[in-house]
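*Asks:* turn this into a structure:
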Amino acid sequence: MKIRVPAIAVSLTIAAAIAWPAAPGTVAAQQPAAASLIITNGIVITVDGGRRILNPGAVAINGPSIVAVDTPAAIASRYKAAQTIDATGKVVMPGLINTHTHAAMVMFRGLGNDLALMDWLQKYIFPAEAKTVSPEFVRIGTQLAVLEMIQSGTTTFADMYYFEEEVAKVTKAAGMRGVLGQTVIEFPVPDAKTPADALKRTEAFAKQFDHDELITPSIAPHSVYTLDARTLSAVSALAKRLMIPIQIHLAETSAEIGMSQERHKMRPVAILDSLNFWAPTTLGAHGVWINDDEIAVLKRHNVGISNNPESNMKLSSGTAPVMNYRKANVSVGIGTDGAASNNDLDMFEAMRQAAFQQKLVTMDPTAITAAEAIEMATLGGARALGRPQHLGSLEAGKLADIIIVGMSKPRQQPLFDPVSQIVYASRGDDVETTIVNGRVLMRDRKVLTLDESKVLSEARAAADLVRKAVQQ
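*Replies:* Below you'll find the predicted structure:
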């Protein structure tokens, strides 16, 4: 994956390094360096290599980047900020990274519940999409999804859908970060009659948002059961030529294994490996029906996995072998999947269920600890998306994607262990402030980059189209 780091981020990191004193004894002699924002007095969960927790701690931000993480006194002595947020009694942590969504499908939330995946897709979702999806529909749905994600602490999301340029426009305008995949599928869909058309759309989309500081264009072949080998090879070739990530549904259900064997005479991982499909950054969504030999293949090609526990449970798709992935050092992030099959985009819920599910299936209460769950939802997601050097933890030099979580609700008291309380007791609506690229998108629960009432009004109007479509 081509990593695009704004020049300002590099220069600010260098400037911050120069501003640090040469020796501890010279701190008082230094003039404070400029910072655009300081968050101070919070319980800082860094998710860094040492899993440090600073209580109290502070984070200094300048422009899009974190320039220092330290005690409040140390930050105050080194930096003077144009703006300060007092986070006393609150948790300051990396923004959550949702590694698998279909953002605009929030407009199908609650449609066709309590069904197996194939019945849900073929009887409800595919027919409804054919009658309703348009650029305007995607714009409205994405606005609703982005509003929900900002309010619940997601700062980066990976997406697969149609008219992905509309998803990108909304995401960028709202100030969020996205790895956004143009879908390629074999049958006619709202934005492409053929896979060849989808490949052309992907190339145009990638050029439109090339080197964007918030948007990473991607290509999203739907699955091995909805694409032939020739198209899968063409997807891979385009991704490698454009140096963009690939996102693909991978071994989500046992039925998919049978369909892959019928169509390709091989299991999903085997057919992709035979085609040398893997790009430098490839993300497999779900990865439920994967054996140890296939895990070794994924590790060899540095394929990341998005674990989607809530969607997998609701659709009875199965449980991903997360502990085996982790044992093999495969990068695993957490995703919500689309709100049509979850039915929300709250990464706190997904994080908690990711831990609970592994404890249950392994019969081991130590499987996926609270600290490991937070890491999967932040740094693990960054690794799966090929961006651990820029995202996923609070460290100097990384991009300033940060959330502040209130800890005053009755269910969060008493506060003995902030990490445990974040995973096992907190929810998305406990997030008070969301910051992406150093920009405050929500403060004190007020979203600053979207008109919430307008977003909701447009979504309700678009929902009428869905109702009419499913009644026909």
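*Asks:* where along the stretch 251-400 of the chain do the helices fall?
*Replies:* In the stretch 251-400 of the chain, the helices defined using DSSP state H, counting those that start in this stretch lie at 254-264, 268-274, 292-300, 309-314, 322-327, 347-362, 370-375, 381-384.
*Asks:* could you do the stretch 1-150 of the chain as well?
*Replies:* For the stretch 1-150 of the chain, the helices defined by DSSP H, counting those that start in this stretch occupy 7-19, 72-78, 117-120, 126-132, 135-151.
*Asks:* make CSV out of the helices of the stretch 251-400 of the chain and add mean neighbour count and mean pLDDT.
*Replies:* Yep, even glycine has a C-beta here, placed from its N, CA and C like the rest. What follows is the helices of the stretch 251-400 of the chain, written out as CSV (neighbours: other CB atoms under 10 Å; pLDDT from 0 to 100):
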stretch, mean neighbour count, mean pLDDT
helix 254-264, 16, 96
helix 268-274, 21, 98
helix 292-300, 16, 98
helix 309-314, 22, 96
helix 322-327, 17, 98
helix 347-362, 21, 98
helix 370-375, 22, 98
helix 381-384, 30, 98
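*Asks:* and the ones you listed: which comes nearest I150?
*Replies:* Checking these against I150 by CB to CB gives helix 347-362 as the closest, at 11.7 Å.
*Asks:* contacts for that closest one?
*Replies:* By CB atoms under 8 Å, 6 or more residues apart in numbering, the residues outside helix 347-362 that reach it are 96-98, 149, 152-154, 307-310, 313, 319, 322-323, 334-336, 342, 365, 367-370, 372-374, 376-377, 422-424, 426-428, 430.
*Asks:* let's see 6 Å
*Replies:* 96, 98, 154, 307, 309-310, 319, 322-323, 334, 336, 365, 367-368, 373, 377, 423, 426-428 (CB atoms under 6 Å, 6 or more residues apart in numbering).
*Asks:* from those, keep the buried residues only.
*Replies:* Among the contacts of helix 347-362, those buried by neighbour count (16 or more other CB atoms under 10 Å) are 96, 98, 154, 307, 309-310, 322, 334, 336, 367-368, 373, 377, 423, 426-428.
*Asks:* among those, which ones are in strands?
*Replies:* Judged by DSSP state E, these include L96, N98, T154, N307, I334 as members of strands.
*Asks:* and the last one, how far from N307?
*Replies:* Distance, I334 to N307, using CB to CB, to the nearest Å: 6 Å.
*Asks:* again, but for the second one
*Replies:* Computed with CB to CB, the distance linking N98 and N307 is 11 Å.
*Asks:* list the contacts of the residue nearest to the spatial centre of the chain.
*Replies:* The structure's the chain has its C-alpha centroid closest to N98; by CA atoms, centre = their mean the separation is 2.3 Å. By CB under 6 Å, 6+ apart, N98 lies in contact with T154, F157, G335, T336, M347.
*Asks:* nearest residue to it in space, please, no chain neighbours.
*Replies:* F157 (4.2 Å; CB to CB, 6 or more residues apart in numbering).
*Asks:* and that neighbour, helix, strand or coil?
*Replies:* The three-state label given to F157 by DSSP: H, G, I helix; E, B strand; the rest coil is strand.
*Asks:* for the longest helix that the chain contains, buried residues please.
*Replies:* Counting residues, the longest helix in the chain under DSSP state H turns out to be helix 452-471. Buried positions in helix 452-471, judged by neighbour count with 16+ other CB under 10 Å: V455, E458, A459, A462, A463, L465, V466, A469.
*Asks:* give me the number of residues near the nearest residue to G141 once chain neighbours are set aside?
*Replies:* Excluding the flanking residues, the one nearest G141 by CB to CB, 6+ apart is A104, at 3.4 Å. Here the count is done by other CB atoms under 10 Å, and A104 has 30 residues near it.
*Asks:* ok, now how distant is A104 from T142?
*Replies:* Separation of A104 from T142 (CB to CB): 5 Å.
*Asks:* ok, what's across the strand from V179?
*Replies:* Note on V179: beta-bridge partners A158, T216, judged by DSSP bridges.
*Asks:* please identify the most buried of the helices of the stretch 1-150 of the chain.
*Replies:* helix 135-151 (a mean of 24; mean count of other CB atoms under 10 Å).
*Asks:* tell me what angle that one forms with helix 452-471.
*Replies:* Orientation check (axes from the mean of the first three to the mean of the last three CA atoms, to 10 degrees): helix 135-151 against helix 452-471 gives 130 degrees.
*Asks:* how is the chain partitioned into domains?
*Replies:* Annotated domains of the chain cover 7-94+395-447, 96-384 [automatic domain parsing].
*Asks:* measure the last one end to end?
*Replies:* Distance between the boundary residues of domain 96-384 (CA to CA, to the nearest Å) amounts to 13 Å.
*Asks:* what sits against A35?
*Replies:* Residues near A35 by CB under 6 Å, 6+ apart: A60, N62, Y79, A81.
*Asks:* do the same with L111
*Replies:* By CB under 6 Å, 6+ apart, the residues touching L111 are Y124.
*Asks:* any idea how far it lies from G335?
*Replies:* 20 Å.
*Asks:* least trustworthy helix or strand in the chain by mean pLDDT?
*Replies:* Ranked by mean pLDDT, DSSP states H and E, the weakest helix or strand in the chain is helix 7-19, scoring a mean of 38.
*Asks:* rank the domains of the chain by mean pLDDT and give me the bottom one.
*Replies:* Among these, domain 7-94+395-447 has the lowest mean pLDDT, at a mean of 88.
*Asks:* from A229, how far out is R267?
*Replies:* Applying CB to CB, the value for R267 to A229 is 14 Å.
*Asks:* of those two, who's got more company?
*Replies:* Higher neighbour count among R267 and A229: R267, with 21 against 16, using other CB under 10 Å.
*Asks:* can you pull the contacts of that one?
*Replies:* By CB under 6 Å, 6+ apart, the residues touching R267 are I257, S260.
*Asks:* just K240 next, same as before
*Replies:* Taking CB under 6 Å, 6+ apart, we find K240 in contact with A279.
*Asks:* list phi and psi for N437.
*Replies:* The phi and psi values for N437, taken as degrees, to the nearest 10, are phi 60, psi 30.
*Asks:* surely it meets P64?
*Replies:* Yes. N437 is in contact with P64 according to CB atoms under 6 Å; the separation is 4.3 Å.
*Asks:* give me the common contacts of the two.
*Replies:* Jointly contacting N437 and P64 under the rule CB under 6 Å, 6+ apart are L399.
*Asks:* so which of the contacts of A35 is the closest to E165?
*Replies:* E165 lies nearest to N62 out of the contacts of A35, by CB to CB, at 31.4 Å.
*Asks:* what is the neighbour count of the closest one?
*Replies:* 27.
*Asks:* how near is it to F356?
*Replies:* Applying CB to CB, the value for N62 to F356 is 39 Å.
*Asks:* do P64 as well
*Replies:* 35 Å.
*Asks:* quick one, what contacts A237?
*Replies:* Contact partners of A237, counting by CB under 6 Å, 6+ apart, are absent.
*Asks:* in a strand, it, correct?
*Replies:* No. In this structure, A237 is helix, not part of a strand, as judged by three-state DSSP.
*Asks:* appreciated, that's everything.
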